[in-house]
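Peer 1: Pasting the sequence and the predicted model now:
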Amino acid sequence: MSDDNKNLSDDLDDMIGDAKEGARRAGDKISSSAKEFSEDAKEFGRDAKERANEFSEDAKKVFSDGKNVAIIAHFTLIGWIIALVMNSSNKTEFGSFYIRQYLGFMLLSLLCVIPFVGLLVAIVLLVAWVMSLVSALGGKMAPSFLLGKQFQEWFKGI
């Protein structure tokens, strides 16, 4: 082999060695970065789990007082049904109280179809509904002036 070929061969061997060394360093760097990423991902997972547990506890506290159920029950038949379902899974006296109140209001609203008398009933029901909603927002279980105590007795199964 000639000297030029030998020099080229040596240069090529050096270049291949440098390339192998560069690839090894890059592999080590990638491996190190992957380990750091894995540790970061595990830490993120632990933090996410901890925050989810905190959120879950907060949500349980919010729904356990029954105030949300009581407020939702005041808005239309659909809201009353939603409140009834929510209260059935986590029954509270506060939520049940306002579910019974609003059921009474809905039944009395059937009288609104009677001419003239219906208008008076509608006005009285509106006032009773507003007073009941304000009590629910304030967290007080105050029966309405309009048969409120009777609603509690008649619908105590709810």
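Peer 2: It's in. Numbering: from 1, shown residues only.

Peer 1: Residue 103: neighbouring residues, count only.
Peer 2: Around residue 103 there are 17 other residues, counting by other CB atoms under 10 Å. For glycine as for every other residue, the C-beta is placed from the backbone atoms N, C-alpha and C.

Peer 1: and it, what helix or strand is that in?
Peer 2: Secondary structure assigned from DSSP states H and E places residue 103 in helix 93-108.

Peer 1: Quick one: name whatever helix or strand follows that helix.
Peer 2: The first helix or strand that comes after helix 93-108 along the chain, using DSSP H and E, is helix 117-138.

Peer 1: pLDDT below threshold where in this protein?
Peer 2: 1-2, 4-5, 58-65 (pLDDT under 70).

Peer 1: On the three-state scheme, the residue nearest to residue 124 when sequence neighbours are not counted is what?
Peer 2: What sits nearest to residue 124 in space, not counting adjacent residues and going by CB to CB, 6 or more residues apart in numbering, is residue 146, at 6.3 Å. Following DSSP: H, G, I helix; E, B strand; the rest coil, residue 146 is assigned to coil.

Peer 1: Show me how far the helix holding residue 103 is from its chain's centre.
Peer 2: Relative to its chain's centre, helix 93-108 lies at 25 Å (CA atoms, centre = their mean, to the nearest Å).

Peer 1: Would you indicate which residues of that helix are buried?
Peer 2: Within helix 93-108, the residues that count as buried by 16 or more other CB atoms under 10 Å are 94-105, 108.

Peer 1: And for stretch 35-54?
Peer 2: Buried-residue list, stretch 35-54, by 16+ other CB under 10 Å: empty.

Peer 1: Cool, thanks, signing off.
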